[in-house]
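Trainee: coordinates only, sequence not included:
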């Protein structure tokens, strides 16, 4: 199936009992067995649930992976991936990552015994130099959150392949979604998503996912998923499946609106810098166009006037709601240094506190431009 068709049909056959077109919400915790130790296919909904099975099959199809696993949040998915490592292992991560990821790495997993270091993953030389004899994982965001950095997936995969012990290459693909970018095709082993964002697409569900290749990784992660139990409820799975059905057309509109807004901001006299992967001023625009279908819906920019100006702009928009998160049909605005990335303050990967991040929705772009104009004018 082509991508758009897979969004609607992959893992989602009509219900065999009723013929229901939509996957039912199997709101049950347990299942009758035919005999002692003889389940009919499902035993307990932490271990497996038909609605979750449909979502996981769909996710695997969209990224052309061997498997998909659903979790209760993006951070639960991230935590599960890191649990394939053991104390003493080293993780090489990008120096522009989501604040919650950094908090998980430094506050919970480093005390557990994992070691982390951060490099500019746009620099292949820095990536290669950052590898150690005990490096067992490379963690990437591309586009990154919130600076929209673009890393060379194929180039980093080649570096990983040359290592004495090949580290697992993990890509957080939340910003791009599988519609815009499929990292497994470039050599990644695992792709991580916050399904809360574009995959769900309507700001009404929290979830996460891991998609990958290889039976060994699947067995490890499925065991962790069941043993820890950070799984989504059946209704959550249903909502993400519902969102995925319109993913392609939403991503087209997100990208269309964001392209226009990035161009507008790049010429605004009160904007110092604009970060958007497909804009001509982006230092990696050529690579972005090679790796991605479209530029996506995320923009960040730095206004004149520093932190105070950033706060004023964020507090004076109307169509752009002042809120954390991203990827919904509605436009959102935030100041990452004080909100989603507050955990990185005073760290080696701290961001400019005056940076403003936009999640551009699918509203009429003229309304969004007018909203930004009045906020910047004040």
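Mentor: Happy to help now that I have it. As the structure is a computational prediction, the values presented were derived from the model and not from experiment.

Trainee: how far does stretch 352-366 stretch from one end to the other?
Mentor: Chord length of stretch 352-366, first to last residue, is 29 Å (CA to CA, to the nearest Å).

Trainee: list the buried ones in that stretch?
Mentor: 352-363, 365 (16 or more other CB atoms under 10 Å). For every residue, glycine as well, the C-beta is placed using N, CA and C.

Trainee: please parse the chain into its domains.
Mentor: Domains of the chain are assigned by automatic domain parsing as 3-244, 247-377.

Trainee: mean pLDDT added to these, as CSV?
Mentor: As requested, these are exported to CSV (pLDDT from 0 to 100):
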stretch, mean pLDDT
domain 3-244, 97
domain 247-377, 97
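
Trainee: quick one, helices of this structure?
Mentor: Using DSSP state H, the helices assigned to the chain run over residues 3-9, 50-62, 74-82, 99-103, 110-112, 124-130, 153-162, 177-180, 215-228, 234-244, 247-266, 285-291, 306-315, 365-377.

Trainee: return the most buried member of those.
Mentor: Highest mean neighbour count of the helices of the chain: helix 177-180, a mean of 26 (counted as mean count of other CB atoms under 10 Å).

Trainee: quick one, grab the pLDDT at residue 378.
Mentor: With respect to pLDDT, residue 378 scores 77.

Trainee: who's in contact with it?
Mentor: Neighbouring residues of residue 378 by CB atoms under 8 Å, 6 or more residues apart in numbering: 312, 316.

Trainee: tell me the spacing between it and residue 334.
Mentor: Look at residue 378 and residue 334: by CB to CB, to the nearest Å, they are 18 Å apart.

Trainee: before we move on, what about residue 159?
Mentor: 33 Å.

Trainee: list the buried residues for stretch 328-348?
Mentor: Within stretch 328-348, judged by 16+ other CB under 10 Å, the buried ones are 328-329, 331-337, 339-341, 343-344.

Trainee: list just the nearest of these to residue 309.
Mentor: Ranked by distance to residue 309 (CB to CB), the buried residues of stretch 328-348 are led by residue 335 at 10.2 Å.

Trainee: and the closest one, what is it in contact with?
Mentor: 307, 310, 311, 314, 353, 354, 355, 356, 357.

Trainee: which one of those residues is nearest to residue 252?
Mentor: Nearest to residue 252 among the contacts of residue 335, with distances taken as CB to CB, is residue 357, at 21.3 Å.

Trainee: specify the beta-bridge partners of the closest one.
Mentor: residue 300, residue 334 (DSSP bridges).

Trainee: go ahead and confirm it touches residue 336.
Mentor: Yes: with contact defined as CB atoms under 8 Å, residue 357 reaches residue 336; the gap is 5.2 Å.

Trainee: any common contacting residues for these two?
Mentor: Listed as contacting both residue 357 and residue 336 by CB under 8 Å, 6+ apart are 146, 300.

Trainee: with adjacent residues omitted, what lies nearest to residue 255?
Mentor: Distances taken as CB to CB, 6 or more residues apart in numbering place residue 294 nearest to residue 255, at 3.8 Å, with adjacent residues excluded.

Trainee: so what's the backbone phi/psi at the closest residue to residue 182 other than its chain neighbours?
Mentor: Nearest residue to residue 182, sequence neighbours excluded (CB to CB, 6+ apart): residue 63, at 5.5 Å. Phi and psi for residue 63, reported as degrees, to the nearest 10, are phi -100, psi 0.

Trainee: re earlier: closest to residue 275 out of the helices of the chain?
Mentor: helix 247-266 (8.5 Å).

Trainee: tell me what angle the closest one forms with helix 234-244.
Mentor: 70 degrees (axes from the mean of the first three to the mean of the last three CA atoms, to 10 degrees).

Trainee: and helix 247-266, how far from the chain's centre?
Mentor: In terms of CA atoms, centre = their mean, to the nearest Å, the gap separating the centre of helix 247-266 from the centre of its chain is 18 Å.
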